[in-house]
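# Based on what follows, work out the 3D shape:
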Amino acid sequence: MAVADLIQELENLKHASREVDVKIGLLVGWQRKVEYTSENGEALRNVIWFLHGERTARLPRFTETIDSALQLVDLVAPQSTGGVSWSQGTDGANGTAIINEGPYCHAATPALALCIAALRIKEAENED
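Numbering: from 1, shown residues only. I've put the predicted structure just below:
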């Protein structure tokens, strides 16, 4: 998936999406391995996530929590500076984020805005 397409998908989201978390993870270097086992005659599917070759407990919920979105920022732009803000209006929460000298990014939640800001950095790197 192209970075620009994923950014657009994030801009259109109204709430967190585990499906989008997976797309983000795969885009920024996470790898997954699917193992199939059988228990009591029932097939079980287990997904194992790896980052930099090391097994991790699970893929972060980038689109759901600010802490996880900040993990994404650290992956894409270590040692960065920025900010995130939010407002609570009649139409729900809104978030805005900026990383380094990048653009202000707006989304339905602060976590989504941070994800967009991080992916804008990734998009700029790909253009170089």
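# can we go C-alpha only for contacts and neighbour counts from here?
Noted.
# what's near enough to touch Phe62?
When contacts are counted by C-alpha atoms under 8 Å, 6 or more residues apart in numbering, Phe62 is found next to Asp21, Ile24, Ser68, Ala69, Gln71, Leu72, Ala111, Leu112, Cys115.
# The helix or strand containing the fifth one: which residues count as buried?
Just to be clear, that refers to Gln71. According to DSSP states H and E, Gln71 maps onto helix 66-76. Buried residues in helix 66-76, defined by neighbour count with 16 or more other C-alpha atoms under 10 Å: Ile66, Ser68, Ala69, Leu70, Gln71, Leu72, Val73, Val76.
# thinking again about what came up before, got a markdown table for the contacts of Phe62, with distance to Gly83 and pLDDT too?
Listed next are the contacts of Phe62 as a markdown table, based on distance: C-alpha to C-alpha, whole Å; pLDDT from 0 to 100:
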| residue | distance to Gly83 | pLDDT |
| --- | --- | --- |
| Asp21 | 21 | 98 |
| Ile24 | 20 | 98 |
| Ser68 | 15 | 97 |
| Ala69 | 12 | 98 |
| Gln71 | 14 | 96 |
| Leu72 | 14 | 97 |
| Ala111 | 11 | 97 |
| Leu112 | 13 | 97 |
| Cys115 | 12 | 98 |
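# From Pro110, how far off is Val84?
For Val84, the distance to Pro110 (C-alpha to C-alpha, to the nearest Å) stands at 6 Å.
# Ok, Ser38 next?
Distance from Ser38 to Pro110, by C-alpha to C-alpha: 41 Å.
# hey, where'd the strands end up in the protein?
Shown for the chain, the strands assigned by DSSP state E span residues 31-39, 42-51, 54-56, 82-89, 92-99, 105-107.
# Return the most buried member of these.
Highest mean neighbour count of the strands of the chain: strand 105-107, a mean of 22 (counted as mean count of other C-alpha atoms under 10 Å).
# Remind me what it packs against, helices and strands.
In this structure, strand 105-107 makes packing contacts with helix 3-12, strand 92-99, helix 110-127, judged by 3 or more C-alpha pairs under 8 Å, 6 or more residues apart in numbering; DSSP states H and E.
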